[in-house]
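Undergrad: Here's my sequence, what's the structure:
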Amino acid sequence: MVRQSIVLHWIFSKKQLKLQFVSHRIQEITQTFPPTLWSYCPTGDNPADLLIRGTDSEALYDSLWMHGPSWLTKKSSWPQWKQNETEISHLQTEPTIDEVVNDKAMSVEQTGLHRIPSIYNYSSLTRLLRITAYLSRFIHNTKNPNARLTGILSTQEINNSLSKWVYNCQQTYFHQEVKHLQSNSRKKMSLVRQLRLFLDKDGFIRCSGRIHNTPLSGLSKFPYLLPTKHPLTTLIINMTHVNQLHGGVNSVITALRQRCWIPRTRQTVRNMVRKCAICRKVSGRPYSVPEAPPLPKSRTLCAAPFSVTGVDFTGALYITQEKNRKCTYVYSHVPTQELYTWKS
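TA: The predicted structure follows:
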């Protein structure tokens, strides 16, 4: 069966599964029963298929459900299952950036900064930039032992780390646009034409509009281009949302466009803000009152007054125990019930 093969692949896999739930269950299974004790039951010899696929009573009486497979009592003749490396190639520790971002970037060579510190392991942009800055400092100190950098991280090192991640993100995702801009072709791509993209002196992709003569900073007039679906974009939006004191969508978009341009910005930011737990506590809707159930039968029939009475006790009641003669609280609830029924 296909599901049996998948489970066996999970059990025999030596790599960490990316699904946390599956990883915990497989860990419990392997701790209780080693992988060597697991075998494969072919589909034709699996009695469970009779219930899954369905069968009639006559076929069920004279089937595997009654006597089982012929090889069940002979361990030497049990079917063998061989693990195929080509079938479990999809079980990776983590997906590559190109697999998550977009299918068009799957042919890009997976080399760059993202191969050293995995961006998927960080939920904070500040932490990612600090780790990257420490790695860059280590590389610098290794190459320049006479000019070692020590002490706390400087602002320049943090900014350099952010620039490295932006450059890596653009080179990985917009590799076709980069080649097109470097070729100086007259026939421009749609994205290059719409956003008026160009490469600056450092190789970054920037957007240009019609505000060249405004008294704004160069980064505000020519923001960096970032992809819509990328881990770095998610971290930048989350950090901007926190810096804006969990402001609304418009506030986050205004702050983002001071430094970068993200296609479909409003839709992306709106999805991020909706996932913020703090914002959901403040602006979340109150719990809706459930619909009232139908009235009981005794309240819908015509009857004399007090023909049906009831008592409902709620809260704390004082009682006196016989042993220590102390007054204690007892929380009880007696549902409304018919105590007396008078017949007219």
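Undergrad: Can you show me the strands along the chain?
TA: 197-199, 205-207, 224-225, 260-261, 316-320, 327-331 (DSSP state E).
Undergrad: In the first one, which residues are buried?
TA: Applying a neighbour-count criterion of 16 or more other Cβ atoms under 10 Å, the buried positions in strand 197-199 are residue 197. In short, each C-beta sits where N, CA and C put it, glycine included.
Undergrad: Show me what it is packed up against.
TA: Here strand 197-199 touches helix 175-183, strand 205-207, going by 3 or more Cβ pairs under 8 Å, 6 or more residues apart in numbering; DSSP states H and E.
Undergrad: Parallel or antiparallel, which strands does that strand pair with?
TA: strand 205-207 (antiparallel) (DSSP bridges).
Undergrad: State the mean pLDDT of the strand it pairs with.
TA: Averaging pLDDT along strand 205-207 gives 93.
Undergrad: give me every residue that touches residue 124.
TA: Contact analysis of residue 124 by Cβ atoms under 8 Å, 6 or more residues apart in numbering lists 235, 238, 239.
Undergrad: right, and out of those, which lies closest to residue 218?
TA: Nearest to residue 218 out of those is residue 239 (Cβ to Cβ; 21.6 Å).
Undergrad: Spatially nearest residue to that closest one, not counting backbone neighbours?
TA: residue 125 (4.4 Å; Cβ to Cβ, 6 or more residues apart in numbering).
Undergrad: how much space is there between the one you found and residue 138?
TA: Distance, residue 125 to residue 138, using Cβ to Cβ, to the nearest Å: 20 Å.
Undergrad: More neighbours: which of these two?
TA: Using other Cβ atoms under 10 Å as the criterion, residue 125 and residue 138 rank with residue 125 on top: 22 against 11.
Undergrad: can you tell me how far that one sits from residue 220?
TA: Using Cβ to Cβ, residue 125 is found at 20 Å from residue 220.
Undergrad: number of nearby residues for the residue nearest to residue 66 when sequence neighbours are not counted?
TA: Counting by Cβ to Cβ, 6+ apart, residue 60 is the residue found nearest to residue 66 once chain neighbours are left out, at 7.8 Å. Counted with other Cβ under 10 Å, residues neighbouring residue 60 total 15.
Undergrad: what do you get for residue 5?
TA: Using other Cβ under 10 Å, residue 5 has 15 neighbouring residues.
Undergrad: just residue 76 next, same as before
TA: Around residue 76 there are 5 residues (other Cβ under 10 Å).
Undergrad: same check, this time on the one 4 residues further on
TA: One way to gauge burial is a neighbour count; for residue 80, by other Cβ under 10 Å, it gives 7.
Undergrad: Now do the domain split for this structure, please.
TA: 2-77, 97-283 (automatic domain parsing).
Undergrad: circling back to that earlier point, by mean pLDDT, show me the worst of the strands of the chain.
TA: In terms of average pLDDT, strand 327-331 trails the rest of these, at a mean of 53.
Undergrad: Give me the pLDDT value at the residue nearest to residue 66.
TA: pLDDT for residue 60: 70.
Undergrad: what's the neighbour count on the residue lying closest to residue 29 once chain neighbours are set aside?
TA: The shortest distance from residue 29 to any non-neighbouring residue, by Cβ to Cβ, 6+ apart, is to residue 11 (6.4 Å). Neighbourhood size, residue 11 [other Cβ under 10 Å]: 16.
Undergrad: For residue 11, give its distance to residue 188.
TA: As for residue 11, its distance to residue 188 is 52 Å (criterion: Cβ to Cβ).
Undergrad: can you check residue 288 too?
TA: According to Cβ to Cβ, residue 288 stands 52 Å off from residue 188.
Undergrad: of these two, who's got more company?
TA: A count of neighbours by other Cβ under 10 Å puts residue 188 above the other of residue 288 and residue 188, at 14 against 6.
Undergrad: Ranking helices and strands of this structure by mean pLDDT, which lands last?
TA: Ranked by mean pLDDT, DSSP states H and E, the weakest helix or strand in the chain is helix 97-101, scoring a mean of 45.
Undergrad: Spit out the contact partners of residue 130.
TA: Applying Cβ under 8 Å, 6+ apart, we find residue 130 in contact with 153, 158, 161.
Undergrad: Can you check the pLDDT for the last one?
TA: Model confidence at residue 161, expressed as pLDDT, equals 93.
Undergrad: try the one 10 residues further on
TA: Predicted confidence (pLDDT) for residue 171: 90.
Undergrad: what do you get for the one 3 residues further on?
TA: Reading off the confidence values, residue 174 has pLDDT 91.
Undergrad: nearest spatial neighbour of it, skipping sequence neighbours?
TA: Nearest residue to residue 174 in three dimensions, chain neighbours excluded: residue 205, at 5.8 Å (Cβ to Cβ, 6+ apart).
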